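Undergrad: With the input below, show me the fold.
(one chain, ligands or ions: 1)
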Amino acid sequence: MHETSLIQFTLDAVARQARIHGIRRVSDIRLIVGELKGAIPDQMEYAFRILTASEPEDGLFAGTKLDIEYRPALLQCCDCGHRFPVTVETLASTVCPRCESSSYQIIGGNELLIDSFRGE
Ligand SMILES: [Zn+2]
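TA: I've put the predicted structure just below:
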């Protein structure tokens, strides 16, 4: 499951940082996930519950809360510079609404960021 690997990646990164900062229990993790990651919110929650229940023996993620902010996808036209939103479903067939160019770059919606985490 795709969401499982996203969550696993997140937990690994947080665990590394937590150790560096001497944190023994993480209370909150705030994630920013772009729409183009194709992550389903329910599946993210589910993967988080499963992985934190089985993960580190040391209880680093015991009772950790997950907060996810989903960022919409945003494209920028390479020809006229116009920025416009898009959905995963229409991405493959999209053109610039201003000049109809099909040359664009993704400037938002592809991120997976750990915005912050807290612990003690
Ligand atoms: Zn354009």
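Undergrad: Show me what from the chain comes close to the ion.
TA: Residues of the chain lying close to the ion by Cβ under 5 Å from the ion are 77, 79-80, 82, 96, 98-99, 101. Heads up, the C-betas are built off the backbone N, CA and C, glycines and all.
Undergrad: Repeat the analysis, applying 8 Å as the threshold.
TA: For the chain, the residues in contact with the ion (Cβ under 8 Å from the ion) are 77-82, 96-101, 104.
Undergrad: What distance do you get for the residue most central in space within the chain to Ala18?
TA: When Cα atoms, centre = their mean is applied to the chain, the residue found nearest the centroid is Val33 (2.4 Å). Look at Val33 and Ala18: by Cβ to Cβ, to the nearest Å, they are 20 Å apart.
Undergrad: Give me the local confidence score for the residue of the chain most remote from its centre.
TA: Here the chain reaches farthest from its C-alpha mean at Cys99, the gap being 31.0 Å by Cα atoms, centre = their mean. Turning to Cys99, the model gives it a pLDDT of 98.
Undergrad: list the contacts for it?
TA: The contact partners of Cys99, by Cβ atoms under 8 Å, 6 or more residues apart in numbering, come to 77, 79-80, 82.
Undergrad: Excluding covalently adjacent residues, which one is nearest to Ala15?
TA: Excluding the flanking residues, the one nearest Ala15 by Cβ to Cβ, 6 or more residues apart in numbering is Leu60, at 5.9 Å.
Undergrad: who touches the longest helix seen in the chain?
TA: Criterion DSSP state H: the longest helix present in the chain is helix 2-20. With contact meaning Cβ under 8 Å, 6+ apart, helix 2-20 is reached by 23-24, 26, 29, 31, 33, 37-40, 43-44, 46-48, 50-52, 55-56, 60-61, 112, 114, 117, 119.
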